[in-house]
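*Asks:* no sequence on this one, just coordinates:
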């Protein structure tokens with residue numbers, strides 16, 4: 001009762017101090033009572049500060065008493081620096097540090113949002129200071145003090161060895177490499193863990209995250225972002241003497257975390273002090289590994305290189321790679337694991353931050369990516385990515401998650417090993433809202449992509465060419481496709497090749513080019529095992545014949561009867577979703593709609609690389625990549641080199657999703673595209689790409705196999721598809737197809753869109 005009353009009195013005193021700051025007239029810097037009252041009161045959590053300092057009060061203080069707000073910030077930072085100088089040895093000092101961080105965390109966003117205050121932390125120190133006094137900008141003093149305090153013995157770390165707190169070196173002289181938080185990358189010891197230290201680290205990291213997130217409070221204009229993020233620059237620069245141990249501590253904290261525990265339901269009995277720390281460490285890593293440095297690289301006064309990115313790119317030991325990969329896969333799979341005891345394991349939900357962190361690892365450390373791809377461990381990454389893509393496809397507020405998932409798959413698909421690993425049978429029990437199937441991870445990928453394209457919201461249409469590029473990249477290595485995946489793939493060909501879709505936008509035909517290239521790769525390089533796909537193509541051969549005979553007359557093409565979507569008659573393989581799965585949910589009403597930078601064209605996202613080229617092919621490839629126009633890329637014969645589509649579906653705001661009578665989702669662009677872009681389809685435009693459709697391989701295969709299948713069905717009176725599949729499984733097209741084309745792999749390349 002006394003504790004409760006004391007805490008209540010503290011809050012009343014805190015509110016009085018805030019009211020005094022907001023009153024007319026400045027509060028003198030020498031009025032110690034007011035400043036001490038704000039930082040030393042027993043506020044037990046960040047929630048207390050948020051409730052006692054409402055947004056209206058802070059904005060009122062900023063507008064009506066700017067001098068008091070400025071002095072308050074200086075006094076809080078001064079308390080932090082003094083705590084570092086005294087090595088923060090007492091519990092009172094530690095409480096002062098925590099409350100100072102909580103106060104700054106609450107105040108700083110309202111300083112960032114006002115243009116007149118943006119330079120406050122980086123301007124010259126407090127006006128009226130004596131000459132010869134420390135002229136360090138306030139932001140720098142604060143950030144370096146927080147970094148020192150993150151390695152403070154008995155506050156955020158345990159004392160090294162058996163030394164008592166008084167025997168520890170002064171904080172400003174401490175070698176923080178001896179106090180790395182967790183065992184893992186670059187650190188073999190196992191430090192003792194204390195829940196209170198975890199809570200204290202969270203408070204300090206939350207302040208760092210708030211500062212480094214300055215850009216989210218700025219308007220979306222180039223002028224507001226000139227100069228880059230000074231907080232990130234300082235935190236990851238050599239001026240921060242703790243950069244290496246901080247980087248190592250953050251990575252080891254994230255990758256070493258196992259939320260499962262030993263006993264079932266243990267999370268209901270004991271609180272996990274580490275979960276919040278892991279999530280905070282992960283968010284700080286994601287923000288500080290940003291490579292967006294708009295400042296001129298030739299400017300000697302510019303910021304130094306990002307040491308975090310430097311350290312990330314230099315990790316090279318196999319055991320370190322395996323430690324990071326195991327940690328990431330463990331956390332990604334955690335919420336998807338099914339157990340016999342429902343709710344027996346703690347579930348963590350920071351998969352979006354994990355995917356961004358994994359993206360950064362693969363992008364900046366190619367050795368790590370090759371380590372991921374050299375074993376089937378990569379599938380432990382792919383399955384949760386596909387689960388989240390499938391789950392978020394109808395929610396416009398999670399379009400950022402869709403983008404990062406697709407970009408990771410695009411990055412990995414540029415390597416041969418990725419396609420090879422996808423042939424492993426899929427036996428996981430992760431419930432997804434997709435048809436039940438028996439096949440490989442490649443089948444899972446195709447089925448999920450089909451679901452995204454046919455039932456996702458309209459803002460995902462710019463990703464269609466990325467999805468089909470991934471399928472093209474893996475197609476030469478897919479040994480066997482299930483019947484379910486084959487039907488979904490041919491349904492995409494049927495949907496994208498309908499005249500109304502081809503004529504509705506000047507880049508839609510490129511999606512057909514991607515799909516035909518994928519089919520050509522499978523027929524030429526993996527025909528033997530893909531009898532299910534071949535059978536489906538034979539059944540739906542009219543789709544390819546209609547595409548080859550597409551009228552160049554606009555009215556005749558568009559008014560032509562649209563065929564029904566793919567449906568398999570007399571088959572038991574109905575689209576029944578997996579047991580335990582839930583349909584994808586749309587965004588909750590009032591959810592903020594995410595805004596993203598315009599997605600670049602696919603040729604800017606990727607560069608073409610032949611999988612096993614001759615010197616002549618390399619020369620031709622170099623010419624194609626050096627060419628700046630689509631015409632020069634398409635000048636090669638489609639039999640010699642696959643066409644490089646340049647699809648960019650950038651009119652998402654003018655697209656609408658409709659459903660036909662068969663319940664199939666169809667993506668439709670409104671006719672306003674014609675007038676908005678000043679473009680209408682013409683016979684010349686249709687001929688320009690129709691003549692380049694790479695249909696030779698598909699049509700030759702149909703020409704050879706269709707008569708054989710028809711003859712067998714008539715002679716034997718077959719009505720069961722299993723006999724036909726057995727015939728196709730033992731068939732061959734050796735010597736009957738056109739000369740195999742070189743395999744073209746489109747590899748991701750860095751660009752502003754990602």
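*Replies:* In hand now; what should we look at? No experiment lies behind these values; they were computed from the predicted model shown.
*Asks:* switch to C-alpha atoms for all contacts and neighbour counts from now on
*Replies:* Noted.
*Asks:* which residues of this structure score low on pLDDT?
*Replies:* The chain contains residues with pLDDT under 70 at 1-43, 124-134, 160-169, 222-225, 261-271, 291-304, 338-344, 555-678, 751-754.
*Asks:* For it, just list every one of the strands.
*Replies:* Under the criterion DSSP state E, the chain carries strands at the ranges 606-610, 655-659, 665-669, 744-748.
*Asks:* Quickly run through the sheet partners of the last one, with directions.
*Replies:* So the one you mean is strand 744-748. In the sheet, strand 744-748 lines up against strand 606-610 (antiparallel) (DSSP bridges).
*Asks:* all helices in the stretch 301-450 of the chain, in order from the N-terminus.
*Replies:* For the stretch 301-450 of the chain, the helices defined by DSSP state H, counting those that start in this stretch occupy 307-314, 318-333, 351-364, 366-373, 378-392, 399-413, 416-421, 441-455.
*Asks:* In CSV: those, plus distance to residue 701 and mean neighbour count.
*Replies:* Output for the helices of the stretch 301-450 of the chain, formatted as CSV (distance: least, C-alpha to C-alpha, whole Å; neighbours: other C-alpha atoms under 10 Å):
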stretch, distance to residue 701, mean neighbour count
helix 307-314, 47, 17
helix 318-333, 42, 19
helix 351-364, 39, 20
helix 366-373, 33, 19
helix 378-392, 32, 21
helix 399-413, 27, 21
helix 416-421, 24, 20
helix 441-455, 22, 23
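*Asks:* For residue 429, find the nearest of the ones you listed.
*Replies:* Comparing the helices of the stretch 301-450 of the chain by their distance to residue 429 (C-alpha to C-alpha), the top pick is helix 378-392, with 10.4 Å.
*Asks:* Remind me what the closest one packs against, helices and strands.
*Replies:* helix 318-333, helix 399-413, helix 416-421, helix 441-455 (3 or more C-alpha pairs under 8 Å, 6 or more residues apart in numbering; DSSP states H and E).
*Asks:* what's the angle from that helix to helix 399-413?
*Replies:* Between the axes of helix 378-392 and helix 399-413, defined by axes from the mean of the first three to the mean of the last three C-alpha atoms, to 10 degrees, the angle is 150 degrees.
*Asks:* hmm, who's touching helix 378-392?
*Replies:* Contact partners of helix 378-392, identified using C-alpha atoms under 8 Å, 6 or more residues apart in numbering, comprise 329, 332-333, 336, 372, 398-399, 401-402, 405, 409, 418, 421-422, 430, 432-433, 441, 445, 448, 451-452, 583-585.
*Asks:* Stretch 135-155 too?
*Replies:* With C-alpha under 8 Å, 6+ apart, stretch 135-155 has contacts from 74, 77, 80-81, 84, 87-89, 94, 120-125, 156-157, 159-160, 165, 168, 171-172, 176, 179-180, 197, 200-201, 204, 208, 231, 234-235, 240, 242.
*Asks:* of the residues you listed, buried ones?
*Replies:* By neighbour count, with 16 or more other C-alpha atoms under 10 Å, those hold 74, 77, 80-81, 84, 87-89, 94, 120-121, 125, 156-157, 159, 171, 176, 179-180, 197, 200-201, 204, 208, 231, 234-235, 240, 242 as buried.
*Asks:* Contacts only, for residue 277.
*Replies:* Residue 277 is in contact with 198-199, 201-202, 253, counting by C-alpha under 8 Å, 6+ apart.
*Asks:* so how far is residue 195 from it?
*Replies:* For residue 277, the distance to residue 195 (C-alpha to C-alpha, to the nearest Å) stands at 10 Å.
*Asks:* do the same with residue 138
*Replies:* 31 Å.
*Asks:* hmm, back to that, give me the subset of the buried ones among the contacts of stretch 135-155 that lies in helices.
*Replies:* Using DSSP state H, 74, 77, 80-81, 84, 94, 197, 200-201, 204, 208, 231, 234-235 are the members of these that sit in helices.
*Asks:* Can you pick out the most distant pair from those residues?
*Replies:* With distances taken as C-alpha to C-alpha, the most widely separated pair in these is 74 and 197, at 26.3 Å.
*Asks:* related to what we said a few turns ago, of the ones in helices among the buried ones among the contacts of stretch 135-155, closest to residue 465?
*Replies:* Nearest to residue 465 among those, with distances taken as C-alpha to C-alpha, is residue 231, at 36.7 Å.
*Asks:* Correct me if wrong: the closest one contacts residue 215.
*Replies:* No - the pair residue 231 / residue 215 is not scored as a contact, 10.3 Å apart, by C-alpha atoms under 8 Å.
*Asks:* thinking again about what came up before, pick out the most distant pair among the contacts of residue 277.
*Replies:* Farthest pair in those (C-alpha to C-alpha) is 199 and 253. Separation: 13.5 Å.
*Asks:* Looking at these two, which one has more neighbours?
*Replies:* Ranked by neighbour count (other C-alpha atoms under 10 Å), residue 199 and residue 253 place residue 253 first, with 23 against 19.
*Asks:* so how far is residue 276 from the more buried one?
*Replies:* To residue 276, residue 253 is 11 Å away according to C-alpha to C-alpha.
*Asks:* Ok, residue 313 next?
*Replies:* Here residue 313 is placed at a distance of 27 Å from residue 276 (C-alpha to C-alpha).
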